[in-house]
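1. fold the following.
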Amino acid sequence: MALKFISDKCIGCKLCHLACSGAHEDVFNPGLARLSVESYYQDKNLQIDGNVCTLCGECVDVCPTSAIELKEGRLHYSLEDCINCGVCVSACPEEVILQKDEGVGICDLCEGSPWCVKSCPHGALVYEEVK
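-> Numbers count the residues shown, from 1 in each chain. Next up is the predicted model:
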């Protein structure tokens with residue numbers, strides 16, 4: 001199972017950002033989300049770009065302390081093992097790993113029930129079987 005972003009359905013409301021930060025950081029702050037949805041106007045048309053964790057494993061491969069593991073179809077992160085070097089942040093092709101004062105924020109799919117998906121009013125985020 002993995003997250004998928006469908007830009008044609010997105011209205012740029014950022015409820016997904018709020019749900020993610022609320023679930024993981026106990027504060028509703030779009031800047032603390034572990035996904036990225038950006039909206040802007042180009043030639044008077046709303047444009048939406050979005051990135052979510054695709055479980056590519058790049059962060060797992062580069063982590064020097066094995067603080068990030070991919071198992072059971074989702075990322076597992078150990079703050080105790082993390083040295084906060086930021087290598088995973090730089091390696092993430094989707095740019096959705098959050099550098100924090102202490103450790104990093106990685107999409108863990110909310111243990112199989114992603115809040116970003118549940119909060120999206122238009123179905124722009126889905127949690128589906130990887131094909």
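2. can you count the residues close to Leu70?
-> 14 (other CB atoms under 10 Å). To be clear about C-beta, it is placed using only N, CA and C from the backbone, and glycine gets the same treatment.
3. which SSE is it in?
-> Assigned by DSSP states H and E, Leu70 belongs to strand 68-71.
4. which elements pack onto that strand?
-> helix 58-62, strand 74-77 (3 or more CB pairs under 8 Å, 6 or more residues apart in numbering; DSSP states H and E).
5. would you single out the least confident of those?
-> For these, mean pLDDT drops lowest on strand 74-77, to a mean of 94.
6. the strands in this protein, which residues?
-> Under the criterion DSSP state E, strands of the chain are mapped to 2-5, 36-42, 45-51, 68-71, 74-77, 98-99, 104-105, 125-128.
7. with respect to burial, which of those scores highest?
-> strand 104-105 (a mean of 21; mean count of other CB atoms under 10 Å).
8. what lies in contact with that strand?
-> 24-25, 32, 34, 77, 82, 84, 86, 88-89, 97-98 (CB atoms under 8 Å, 6 or more residues apart in numbering).
9. and that strand, how far out from the chain middle?
-> Centre-to-centre, strand 104-105 and its host chain are 10 Å apart (CA atoms, centre = their mean, to the nearest Å).
10. so how far is Pro121 from the closest residue to Asn29 other than its chain neighbours?
-> Leaving out its chain neighbours, the residue that sits closest to Asn29 by CB to CB, 6 or more residues apart in numbering is Ser21, at 4.9 Å. As for Ser21, its distance to Pro121 is 17 Å (criterion: CB to CB, to the nearest Å).
11. the more surrounded of those two?
-> Each of Ser21 and Pro121 has its neighbours counted (other CB under 10 Å); Ser21 has more, 23 against 10.
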